[in-house]
Structure formats: structure tokens, C-alpha cells
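Chemist: Just the structure for this:
(chains A, B, C and D)
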There are 2 protein chains.
Amino acid sequence: MATPEPARPGFHLPLLLLAGFRTLIDDLHAELAREGHPELRPLHGFVLQAVGADGTTATELGQRLGISKQAAGKTVDRLVAVGYLERTDDPSDARRRLVRVTARGADGLRRSAEIFDRLRAQWADTLGPERVTAMEDDLRTMASANWFRLDMPGWFGG
Amino acid sequence: MATPEPARPGFHLPLLLLAGFRTLIDDLHAELAREGHPELRPLHGFVLQAVGADGTTATELGQRLGISKQAAGKTVDRLVAVGYLERTDDPSDARRRLVRVTARGADGLRRSAEIFDRLRAQWADTLGPERVTAMEDDLRTMASANWFRLDMPGWFGG
DNA sequence: ACTATTTCGTCAACCACGTTGACTATCCTA
DNA sequence: TAGGATAGTCAACGTGGTTGACGAAATAGT
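Modeler: As a prediction, the model looks like this:
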């Protein structure tokens, strides 16, 4: 083992990672609300991104997010209710219900990406660009398996 | 702004932070389950830590965690049910119900700290100790306000 | 000492997000 | 054409949060 010295108690690495995530997510949604998307909840951005430009089905979405098809279906319901997703029938398969991002959803997604870029730039201003890049590289190294495992009910804030 | 170059799409900093957090939390609980604490859920460690060695009340716990006293009370209920917390009457104030960590809770807490230290050492082995320290320092800088804002219902996994 | 306010805990109803199991309708294949 | 796989939905439930209302106990003010 390289460093036998433990982290200072109360300042564990996982809590720091969570706090960093929260900071970005909170800032993002404060800004999103200002820009006309107050209904967009933290989970929604990830879901919209997982739906993608080509659309999907609830079952496939569930697989992408690592959750059950039922959970994915309910999430789609909520996003449809607030106008970010829409469902259409698949003419080639009457069982399937295609899920697509609406124009409003695409707007929210685009703004989210822009805001994240600005927040990242703020971090680079404070820490230095190379430190941010190093953090991203290191996290990519350590966390490669957990890209879209979002199966943490409710966690994005209430 | 220091770096106008955006992060690569799909690999946003927040997702990396979340994935890093998840990785640690998942590894922690896999190991905790092996060591005799399969009922300990991800949120519980933070709650036990917030209760502390001196004990608290549900209301005060809610303030520490940034959640309502009702939510704190329900969380205490669950931890009591699995034997990690206990309630006693406050002889000096009949309204208050003191919440304390049980011996089993203390054991889980101690093991969590040990496992986190080992996981941190693994990160240091892979990334180099100075990179881990740099990450912690940078996160402390950027996320100082979010230490115990755990108000993300369910988020620790299901 | 008596009233008024505050505080603590709890109950009830609700929401977001997840789970498993069961079921129908449709599609595909032997 | 019968049988199995797949898509979606419904129901019941669990966890973690919210607000509002309420009684009991402590405290402050007159």
C-alpha cells in the first residue's frame, strides 16, 4: 500500500466526491431554473441523454440506465408529463412505444451541456485547468464501470 | 475563462464524480456485507456518523443532515429496527428522545472507516498518493458548502 | 402562579424513484 | 399453427424525502 496515512476523519474521499457532484448539480439546476427549466430535476438530464437523439423504448432505456423496465417506464411517464419526452407508436411493432425527446427536452439538454461547460470552466479558473483534467482522468481510471449505473432512487434531491 | 475547451460529451465531470462516489460506496458495502453488516445501507454510515459518539435527538440530527425532523425520525426508526441505533428517554427533558449508536452500530462505523482507508490506499496505489491528495484538496476547495447535505432521497442505491 | 410561546416528537398524506411478480398483447420461429 | 420470447403495464411494496397538524412538555413573560 502506498499511503498508510488515512484521510482525516469526517473528510472521507467518498463524501468529497458526493459533495463535488452535489455542488455541480445544484448549480446546474439553479441556472436551468433561471433559464426556463424549473421542472427539470437532477435525474432528468441523465435520462434525456440516455434516450438520445434517435429515441428508444422504455425497456432499452432501462437497460442503458441499469434499472428495471418498469422503473424506466415510470420515469418516462414523469418526463412526458412535464413535456420533455413524448411517446409514439412504432409502426413496425405494435408492442413497442417509441420514446423521443421533444423540442423542449432538446432545449433543456442543450442548455445543460452549456451550463456544465461553464461550471467546468469555473473549476478550471479556481483550480487550474490541469488539475481539473487530472481529476477527470483519475476518476475515469477508478470509476470506469459506473457510467450509467443511476440506480439510486431519489438521490438527486428533493 | 481558463479553458474554453469543453469536456468530451458523455463524460461530464459531474457524472465522473458520481461514478467515483458510487464505486467507493459499492465497494464499501460489498466488503461490509462480507464482514457481517449486510443490512447497513449506504445512507446509514453517514447517519451514524452524524449521530456521533455523544448521541443526539431526531430534530438535531435533521439539522445536521439538512433534512426535516420527520425524515430524520423515520431514518432513525429504520436504524433502530436493524439494531444500529437505540432510543432512550432524556431524564432532563421529557419531550426529547435521545438517539445513540449501539455497540453494533459502532462496530459498523469502525469497519466502514477501516474499509474506506483501504479503498483510499488502493486509489493511491493506482493513481499515486499525490494525485489522490490533490483530488481531495481540489474537491474540498470546490465543494466546501455541501458536507452534510444528504437530502437526496434514496440515492444510495436500492 | 398562570398564561403564552416555543420546542420535540409523531401521525398522516403525499411525492420521487426504485424493486419484484403477474399479466396481456404482439411478434417470431419451429 | 402452436409455443416461446419480448414490450408494456398494473399492483404492491420499500426507501428516503416533503409539508401540515397536533399533543405534550419546557420556557418566558407578566
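Chemist: Just confirm yes or no for stretch A:103-122 near DNA strand C.
Modeler: No - applying Cβ under 7 Å from any atom of the strand, one finds stretch A:103-122 separated from DNA strand C by no less than 14.1 Å. C-beta coordinates here come from the backbone N, C-alpha and C atoms, glycine included.
Chemist: So which bits of that stretch are buried?
Modeler: Buried residues in stretch A:103-122, counted by 16 or more other Cβ atoms under 10 Å in any protein chain shown: A:104-105, A:108-109, A:111-113, A:115-117, A:119-122.
Chemist: Take these and keep only those in helices.
Modeler: A:104-105, A:108-109, A:111-113, A:115-117, A:119-122 (DSSP state H).
Chemist: now, among these, which is nearest to DNA strand D?
Modeler: Taking Cβ to the nearest atom of the strand as the measure, DNA strand D lies nearest residue A:105 of these, at 17.4 Å.
Chemist: Reformat the buried residues of stretch A:103-122 into TSV and put pLDDT next to each item.
Modeler: Converted to TSV, these look like this (pLDDT from 0 to 100):
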residue	pLDDT
A:104	97
A:105	97
A:108	96
A:109	94
A:111	95
A:112	95
A:113	94
A:115	96
A:116	95
A:117	95
A:119	96
A:120	97
A:121	97
A:122	97
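Chemist: can you pull the contacts of the nearest residue to residue A:112 once chain neighbours are set aside?
Modeler: Spatial nearest neighbour of residue A:112, excluding adjacent residues (Cβ to Cβ, 6 or more residues apart in numbering or on different chains): residue A:45 at 4.8 Å. Neighbour list for residue A:45: A:28, A:108-109, A:112 [criterion: Cβ atoms under 8 Å, 6 or more residues apart in numbering or on different chains].
Chemist: which is the next helix or strand following the strand or helix carrying residue A:45?
Modeler: Here residue A:45 sits within helix A:42-51, counting by DSSP states H and E. For helix A:42-51, the succeeding helix or strand toward the C-terminus, using DSSP H and E, is helix A:58-65.
Chemist: Show me what whichever helix or strand comes after that next one is packed against.
Modeler: Next in sequence after helix A:58-65, counting helices and strands by DSSP H and E, comes helix A:69-81. When contacts are defined as 3 or more Cβ pairs under 8 Å, 6 or more residues apart in numbering or on different chains; DSSP states H and E, helix A:69-81 sits against helix A:42-51, helix A:58-65, strand A:85-89.
Chemist: correct me, but residue A:44 touches residue A:79?
Modeler: Yes - between residue A:44 and residue A:79 a contact is recorded at 6.2 Å, counting by Cβ atoms under 8 Å.
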